[in-house]
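no sequence for this one, just the structure:
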């Protein structure tokens, strides 16, 4: 349970961090909250020769509004998301999902950048960011580029990040006023990853769904957008038949691993239930 030896670096700017990661190559790893990396190091399953601690970079912290977008620095913690009046007012589903991540101790240290950047299919924020049509700002030796959350995840722990790049901020369009939202998550115990989870953001008019997006957590090797399920509810009042059809469409794209959280069919079944519950609750909230 003791990590191997490594050299510690604490850059003061994004440029310095990028240079360190580029110069040190595959032997270096960035350190954000550390909840994924440090346990792996303790088990000697990860043995980086260099750790580049991002906590000294003030530019990576904070929450601000830029027009119709909420800009969240990558080193902003889950606790800071929960404490933000701006987040609670403009994007309550982000507040709701952050509250379901692990426990208070983890949320005080865990960052939004770490949660979305490492490609863990069990993390809660990636599917939510896809649902919200978020964009990630990446900075590296080749400059700065923006990548849509929906295009970022390529496989379990594989993302669009290139060598030497770090994710510096997340830009999230503020949903329309009066939108409905819900993040439904089933987990075995406090602090566990989801057996399955679903995020829904929708708008309604005249009792019928006008727009809808549905994201799925931990039911595939990457977070998913349930596009066909979302299409199935457009123009409907979310009657029982429509909810059943949407849940079936969502379950059809799930391919969860059989693990301690249950066999494949059980996790797909639970995933469909999370979609149904999220749709129902989002519709009840929508104005």
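Perfect, I can see it now. What you see is a predicted model; the values in this text were computed from it and never measured.

in the stretch 1-150 of the chain, which spans are helices?
Read by DSSP state H, counting those that start in this stretch, the stretch 1-150 of the chain holds these helices, from start to end of the chain: 14-24, 37-42, 78-83, 85-90, 92-99, 104-109, 112-117, 125-131, 149-152.

can you add mean neighbour count and give the ones you listed back as a markdown table?
Heads up, the C-betas are built off the backbone N, CA and C, glycines and all. Shown next, in a markdown table, are the helices of the stretch 1-150 of the chain (neighbours: other Cβ atoms under 10 Å):
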| stretch | mean neighbour count |
| --- | --- |
| helix 14-24 | 17 |
| helix 37-42 | 16 |
| helix 78-83 | 20 |
| helix 85-90 | 14 |
| helix 92-99 | 21 |
| helix 104-109 | 14 |
| helix 112-117 | 27 |
| helix 125-131 | 29 |
| helix 149-152 | 20 |
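
next, count neighbours for residue 54.
Taking other Cβ atoms under 10 Å as the criterion, the count of residues near residue 54 is 24.

go ahead and confirm it touches residue 32.
Yes - checked against Cβ atoms under 8 Å, the pair residue 54 and residue 32 is within contact range at 5.7 Å.

find residues that contact each of those two.
Overlap between the neighbourhoods of residue 54 and residue 32 consists of 74, 75, 113, taking contacts as Cβ atoms under 8 Å, 6 or more residues apart in numbering.

what separates the second one from residue 195, distance-wise?
Distance of residue 75 to residue 195, computed by Cβ to Cβ, to the nearest Å: 29 Å.

ditto for the first one
Taking Cβ to Cβ as the measure, residue 74 falls 28 Å from residue 195.

ok, now residue 245?
In this structure, residue 245 and residue 195 are 23 Å apart, going by Cβ to Cβ.

quick one: which of the two has more around it?
The neighbour count for residue 245 versus residue 195, taken as other Cβ under 10 Å, is higher for residue 195 (23 against 16).

need the contact list for the more buried one.
With contact set as Cβ under 8 Å, 6+ apart, residue 195 has these partners: 186, 187, 188, 218, 261, 262, 267, 270.

kindly reformat the shared contacts of residue 54 and residue 32 as a markdown table containing distance to residue 68 and pLDDT.
Written out in a markdown table, the entries for those read as follows (distance: Cβ to Cβ, whole Å; pLDDT from 0 to 100):
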| residue | distance to residue 68 | pLDDT |
| --- | --- | --- |
| 74 | 21 | 98 |
| 75 | 24 | 98 |
| 113 | 22 | 97 |
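
got a markdown table for these, with distance to residue 235 too?
Compiled in a markdown table, the shared contacts of residue 54 and residue 32 are given as follows (distance: Cβ to Cβ, whole Å):
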| residue | distance to residue 235 |
| --- | --- |
| 74 | 38 |
| 75 | 42 |
| 113 | 38 |
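
any of the contacts of residue 195 buried? List them.
When the contacts of residue 195 are checked for burial by 16 or more other Cβ atoms under 10 Å, the buried set is 186, 187, 218, 261, 262, 267, 270.

pLDDT score assigned to the spatially closest residue to the fourth one that is not a sequence neighbour?
In space, residue 261 comes closest to residue 195 once its chain neighbours are excluded; the distance is 4.3 Å by Cβ to Cβ, 6 or more residues apart in numbering. Confidence per residue is given as pLDDT, and for residue 195 that number is 97.

gap between residue 195 and residue 104?
Residue 195 sits 22 Å away from residue 104 when distances are taken as Cβ to Cβ.

what of residue 261?
As for residue 261, its distance to residue 104 is 23 Å (criterion: Cβ to Cβ).

for the contacts of residue 195, which one is nearest residue 154?
Of all the contacts of residue 195, residue 154 sits closest to residue 218, with 16.8 Å by Cβ to Cβ.

quick check: that closest one touching residue 199?
No - in terms of Cβ under 8 Å, residue 218 does not count as a neighbour of residue 199; the distance is 11.9 Å.

now the angle from the top helix by length along the chain to helix 92-99?
In the chain, assigned by DSSP state H, the helix with the most residues is helix 264-285. Direction vectors for helix 264-285 and helix 92-99, defined by axes from the mean of the first three to the mean of the last three Cα atoms, to 10 degrees, enclose an angle of 140 degrees.
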